[in-house]
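Visitor: predicted structure and sequence below. I'll ask about it afterward.
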2 protein chains.
Amino acid sequence: MKIALDAMGGDHAPQNPVQGAVQALRDFPDVEIIFVGDETKIRAELAKHSTTDIQSRYSFHHASQVVDMTDSGLDSVRRKKDSSVSRAVDLVKNGEADAVVSAGHTGALVAASTIKLRTLPGIDRAALGVLIPADGGVFLLIDGGANIDPTPQHIVGFAVMGSVYYKAIVGTPDARVGLLNIGTEPSKGTDFCLECYKMLSEAPIQFAGNVEGHGIFKKPVEVVVCDGFTGNIFLKTVEGLAKSMVSWIKDEISKNPIRMLGALLSKGAFQAVKKRTSTDEYGGTPLLGVNGICIKAHGNSSSLALRNAIRAARRAVELQINSRIVEAMKPLHEKLSSRHTSPV
Amino acid sequence: MKIALDAMGGDHAPQNPVQGAVQALRDFPDVEIIFVGDETKIRAELAKHSTTDIQSRYSFHHASQVVDMTDSGLDSVRRKKDSSVSRAVDLVKNGEADAVVSAGHTGALVAASTIKLRTLPGIDRAALGVLIPADGGVFLLIDGGANIDPTPQHIVGFAVMGSVYYKAIVGTPDARVGLLNIGTEPSKGTDFCLECYKMLSEAPIQFAGNVEGHGIFKKPVEVVVCDGFTGNIFLKTVEGLAKSMVSWIKDEISKNPIRMLGALLSKGAFQAVKKRTSTDEYGGTPLLGVNGICIKAHGNSSSLALRNAIRAARRAVELQINSRIVEAMKPLHEKLSSRHTSPV
């Protein structure tokens, strides 16, 4: 299996992508990596590692440009044709790679993938499906920010894709779906929410109604759907608060030597929670709905997060996620087309 | 100063409102409380406390109905005219009380206050301003959920009201304002965000651009503005995650006796963070923009939270928050009216 890695994407590139790839190559013997980006820089980074055992399983695809965080995602596809992320997506499009992984500019990856790979049959919009820690496991939030202004019809697509991905990746037979809203009653929320609620109730999914931020971490549902604006606000808030709470606890502990001793003894508990809430562990968010496997890693990804993003790509290919999505979308189409062809 | 307390509002009513009021009466000698609701039940609850020292400073206003959580906020004003929350608002309207405090149905309080008290001159929509813990203090999120579908013009009003309230309550000369968005660049977000950004840039406030959930707890700004849908999602997510993180840490600690000993020694640090992130401490969210002081306490308020909500009402009256808001809105009106009267 070949994975095209955007070696120039992310805050610590090419260092962390290269190191993550080296780890992945060692851990997953069926994986081959195509490093996409400035070949000289990538080779220089690789030279810091001993790669004798894995060097037969990586290659290079030079790309002269890098998308900056100040670039517009859509513009970057048109104006930076030789960017590492665009070239990595090209490799999937041309069948030279099975999947693309990037820790770079989210908008650029979403735009390049949507434009070049196109969406799957029956899917109008792709969406980011993000795994989030909760009581006794994880839930999937979709959309994490690919589409800030979707229609209720798109939300139904997100719900189907999210259910398919969750069941395949986590290995559960069921995936209850909740609509992220400001109250649990069906009458709550904006007109958009009301329309989504109605359409989700009729969709071939296990719709469980509205969910609120209050209870969401107790995992009342496996899949949480929302528009990409709300989803992105949610994600960043969760990340920001989790980090701040850890730093507040550290501040308070450092105020007093007895507390410091106590913290030393209970360190394992914090490490476990830190690990649980760390994005590194889940590193790798699929852009679901495009005709190809496309995994976004966090911009701030560690090498472990990048290794795990490669693992996520590998699993998505192995599990044939896209065939499953197309299959799951069929009942929706049949319903829609039977409506369209019925006599008026 | 007279405060009308909805004694029937909240998950633990009349118990917690009554207990919170008893505490407030003892702590703030200038406060008088009017208990609004089922007089028999309230008296029975009061009988559990020794009130000899404070009994000259409370009275009763009977109301036969209670708004349930399943009621629609707007409908409740029309259909439950004798509800405790409606009657408490009436007391402010009629000048019999200086402020109203309720831990009941948010929608009912917002609807009753907006309809009966009307908005302040120059304000079209009221908004909930919620204090949230952050590095080195608190920030104010506005709107926390009073208006799920405001216009950019309303958002400007929220920004002005939020700045006034923050400066008065926290006692700072400055209040930077940030727009909650999915990126810090001015080009980020929905069309609604773009229009808000533009209007906020021209408003008589200290606009500091967009803010993201990532960095928000480091307090880059004192006031965060957004629509009430996004704000409510934000608030509930923060509450849900803070609680879950504490419970995850407890779970991990209880797995091992050494960790438990450590936790005992560092207990003070957790209590400090718990106190810092507890809604009880800030208990009392003003509904800013209505022509009267109206404080919403959390539905799940403890007696301490209710005592603090009464304190918040007292401070808002003392600081003449509404006169300050009207004053701060003037430049906006003058600008708008000069535009309207300028020759075409």
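Guide: Yes, it's here. Residues are numbered from 1 along each chain as shown, chains lettered A, B, ... in the order given.

Visitor: pretty sure residue A:19 is in a helix, no?
Guide: Yes. With DSSP: H, G, I helix; E, B strand; the rest coil as the criterion, residue A:19 is assigned to a helix.

Visitor: got the contact list for it?
Guide: A:45, A:49, A:303, A:306 (Cβ atoms under 8 Å, 6 or more residues apart in numbering or on different chains). To be clear about C-beta, it is placed using only N, CA and C from the backbone, and glycine gets the same treatment.

Visitor: now the third one. Nearest residue, chain neighbours left out?
Guide: Computed as Cβ to Cβ, 6 or more residues apart in numbering or on different chains, the closest residue to residue A:303 that is not its neighbour in sequence is residue A:19, at 3.7 Å.

Visitor: again with the first one
Guide: Distances taken as Cβ to Cβ, 6+ apart put residue A:18 closest to residue A:45, at 4.2 Å, once the chain neighbours are dropped.

Visitor: what about the strands in the stretch 101-250 of chain A?
Guide: A:127-134, A:137-142, A:176-180, A:206-211, A:223-225 (DSSP state E, counting those that start in this stretch).

Visitor: mind checking pLDDT for the most centrally placed residue in chain A?
Guide: Taking Cα atoms, centre = their mean, the centroid of chain A lies closest to residue A:285, which sits 1.4 Å from it. In this model, residue A:285 is scored at 94, pLDDT.

Visitor: that one bridge partners, please.
Guide: residue A:296 (DSSP bridges).

Visitor: which residues does the closest residue to chain B within the stretch 51-200 of chain A contact?
Guide: Per Cβ to the nearest Cβ, residue A:182 is where the stretch 51-200 of chain A lies closest to chain B, at 4.2 Å. Shown in contact with residue A:182 (Cβ under 8 Å, 6+ apart): A:188-189, A:212, B:145, B:148, B:228-229, B:232-233, B:236.

Visitor: quick check, nearest of these to residue B:6?
Guide: Of all those, residue B:145 has the smallest distance to residue B:6: 17.9 Å, by Cβ to Cβ.

Visitor: thought that closest one was touching residue B:227?
Guide: No. Residue B:145 lies out of contact with residue B:227 (Cβ atoms under 8 Å); the separation is 9.5 Å.

Visitor: and the longest helix along chain A, what's buried?
Guide: Of all the segments assigned as helix in chain A under DSSP state H, the longest by residue count is helix A:228-253. Residues A:228-246, A:248-249, A:252-253 are the ones in helix A:228-253 that count as buried (16 or more other Cβ atoms under 10 Å in any protein chain shown).

Visitor: buried ones in the next helix or strand after it?
Guide: Following helix A:228-253 in sequence order, the next helix or strand is helix A:257-265 (DSSP states H and E). Neighbour counts over helix A:257-265 (16+ other Cβ under 10 Å) mark A:259, A:262-263, A:265 as buried.

Visitor: can you pick out the most distant pair from these?
Guide: A:259 and A:265 (10.9 Å).

Visitor: now for those two: what residues contact both?
Guide: What both residue A:259 and residue A:265 touch, as defined by Cβ under 8 Å, 6+ apart, is the set residue B:265.

Visitor: what's next to whichever strand or helix holds residue A:313, contact-wise?
Guide: Taking DSSP H and E as the criterion, residue A:313 maps to helix A:303-318. With Cβ under 8 Å, 6+ apart as the test, helix A:303-318 has contacts from A:1, A:3, A:5, A:10, A:15-17, A:19-21, A:23-24, A:27-28, A:30-31, A:33, A:98-101, A:103, A:165, A:169, A:279-286, A:293, A:295-298, A:301.

Visitor: same question for stretch A:106-113.
Guide: A:6, A:9, A:67, A:71-74, A:76-77, A:83, A:85-86, A:89, A:100, A:102, A:126, A:128, A:145-146, A:287, A:290, A:292, A:294, A:296, A:299.

Visitor: I'd like to know which of these are buried.
Guide: A:6, A:9, A:67, A:71-73, A:76-77, A:83, A:85-86, A:89, A:100, A:102, A:126, A:128, A:145-146, A:287, A:290, A:292, A:294, A:296, A:299.

Visitor: how many neighbours does residue A:60 have?
Guide: 17 (other Cβ atoms under 10 Å in any protein chain shown).

Visitor: brain fart, residue A:223
Guide: For residue A:223, the count of nearby residues is 28 (other Cβ under 10 Å).

Visitor: what does the pLDDT read for residue A:62?
Guide: Value for residue A:62, per-residue pLDDT: 97.

Visitor: what bridges to it?
Guide: Assessed by DSSP bridges, residue A:62 has beta-bridge partners residue A:37.

Visitor: residues contacting the residue nearest to residue A:45?
Guide: Contacts of residue A:18 (Cβ under 8 Å, 6+ apart): A:7, A:35, A:42, A:45-46, A:49.

Visitor: residue ranges for the helices of the stretch 1-150 of chain A, please.
Guide: A:15-27, A:39-46, A:73-79, A:84-93, A:106-117 (DSSP state H, counting those that start in this stretch).

Visitor: closest to residue B:93 out of the ones you listed?
Guide: Nearest of these (Cβ to Cβ): helix A:106-117, 50.0 Å.

Visitor: can I get the CA coordinates of that closest one in PDB?
Guide: Below are the C-alpha coordinates for helix A:106-117, written out as PDB (Å, rounded to 0.1, in the frame of the first residue of the first chain):
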ATOM      1  CA  THR A 106      -6.700  22.300   6.000                       C
ATOM      2  CA  GLY A 107      -8.400  24.400   3.400                       C
ATOM      3  CA  ALA A 108      -5.800  23.600   0.800                       C
ATOM      4  CA  LEU A 109      -6.100  19.900   1.500                       C
ATOM      5  CA  VAL A 110      -9.900  20.000   1.400                       C
ATOM      6  CA  ALA A 111      -9.900  22.100  -1.800                       C
ATOM      7  CA  ALA A 112      -7.300  20.000  -3.600                       C
ATOM      8  CA  SER A 113      -9.000  16.800  -2.700                       C
ATOM      9  CA  THR A 114     -12.500  17.900  -3.600                       C
ATOM     10  CA  ILE A 115     -11.400  19.500  -6.900                       C
ATOM     11  CA  LYS A 116      -9.000  16.800  -8.000                       C
ATOM     12  CA  LEU A 117     -10.500  13.600  -6.600                       C
END
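
Visitor: low-confidence stretches in chain A?
Guide: A:278-283, A:336-344 (pLDDT under 70).

Visitor: please parse it into its domains.
Guide: A:1-123+A:289-322, A:124-279 (automatic domain parsing).

Visitor: which one of those domains lies closest to residue B:56?
Guide: Across these, residue B:56 has its closest neighbour in domain A:124-279 (40.4 Å, Cβ to Cβ).

Visitor: coming back round to it: ok, the residue nearest to residue A:45 to residue A:303 distance?
Guide: 8 Å (Cβ to Cβ, to the nearest Å).
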